[in-house]
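Undergrad: below is the sequence, then the predicted model.
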Amino acid sequence: MALTFSDIERLFEERGGEQYSGEPVTQLQHALQTAALGEAEGAGDELVTAALLHDLGHLLHDFGETPSLRGVDDVHQYRALPFLRGLFADAVLDAIKLHVDAKRYLCATRPAYHASLSEDSKRSLLLQGGIFSTEEAAAFIAQAGAEGAVKLRLWDDLAKDADKVTPPLSHYLARAQRCALSNSGSALAA
């Protein structure tokens, strides 16, 4: 069953205050900062929406605090897709689906990238399959949505500042509504 915008808003209200795994920000702060970074770079509604919702899978399933410390890959990049499929087109869904593999790609293609990752990101990288080979990197970047996922990933990595001020959730949900497949029945409650 597809989520509505009210459902998404409620998820962030109920679980957005939880700590973002191994980082100094909450789930909501991380989502808003990722979206704000995309917006600051002039990304379109689809990619800004993907940036906002890229970790929604963490809010839909509870694996406890910092699952990577317990050797668990929560495959969060896939968990939200069935719930978002009726709401957004592939331009949004592909960037969400591919943002984890984008980390693997960036580690393979930018030598300094791995060193810039947080400790939790390095731990989860190993659980997510490790750094891509040259062939895997080439296959990844050839996929639809991969270039957007790489941009999203870079914003994702920077969205961990406990003191950063961003526009509110309502600002980004309004952008998300502009790229929704259908606006019927999906509007936010007044």
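TA: That came in fine, so what should we check first? Numbering: from 1, shown residues only.
Undergrad: could you check how many residues crowd around S116?
TA: 14 (other CB atoms under 10 Å). C-beta here means a position set from N, CA and C on the backbone, and glycine is covered the same way.
Undergrad: got a list of what it touches?
TA: Applying CB atoms under 8 Å, 6 or more residues apart in numbering to S116 gives the contacts D157.
Undergrad: if I look at it, how far off is T4?
TA: Separation of S116 from T4 (CB to CB, to the nearest Å): 37 Å.
Undergrad: now do the contacts for L47.
TA: 38, 91-92, 95, 148, 151-152.
Undergrad: closest one to A180 out of those, please.
TA: Taking CB to CB as the measure, A180 lies nearest V92 of the contacts of L47, at 9.1 Å.
Undergrad: what stretches of this protein score poorly on pLDDT?
TA: Applying pLDDT under 70 to the chain picks out residues 62-78, 183-190.
Undergrad: which residue lies nearest the spatial centre of it?
TA: The centroid of the chain falls nearest to H54 when counting by CA atoms, centre = their mean (1.9 Å).
Undergrad: that residue and K97 touch, don't they?
TA: No - counting by CB atoms under 8 Å, H54 stays clear of K97, with 9.4 Å between them.
Undergrad: residue contacts, R153?
TA: R153 is in contact with 99, 102-103, 106, counting by CB under 8 Å, 6+ apart.
Undergrad: would you list those residues in CSV and tack on neighbour count and secondary structure?
TA: Formatted as CSV, these follow (neighbours: other CB atoms under 10 Å; DSSP: H, G, I helix; E, B strand; the rest coil):
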residue, neighbour count, secondary structure
H99, 26, helix
A102, 25, helix
K103, 27, helix
L106, 21, helix
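Undergrad: and A40, how many neighbours?
TA: Neighbour count of A40, defined by other CB under 10 Å: 11.
Undergrad: for it, give its distance to Q33.
TA: Separation of A40 from Q33 (CB to CB): 10 Å.
Undergrad: kindly report the same for G17.
TA: As defined by CB to CB, G17 lies at a distance of 15 Å from Q33.
Undergrad: okay, those two: which has more neighbours?
TA: Using other CB under 10 Å, the more surrounded residue of G17 and Q33 is Q33, with 24 against 11.
Undergrad: show the contacting residues for the residue lying closest to the more buried one once chain neighbours are set aside.
TA: In space, and not counting its chain neighbours, Q33 is closest to A159: 3.5 Å by CB to CB, 6 or more residues apart in numbering. A159 makes contact with 25, 29-31, 33-34, 36-37, according to CB under 8 Å, 6+ apart.
Undergrad: those residues in helices, which ones?
TA: Counting by DSSP state H, the contacts of A159 place 29-31, 33-34, 36-37 in helices.
Undergrad: most surrounded residue in those residues?
TA: Highest neighbour count within those: T34, with 29 neighbours (other CB under 10 Å).
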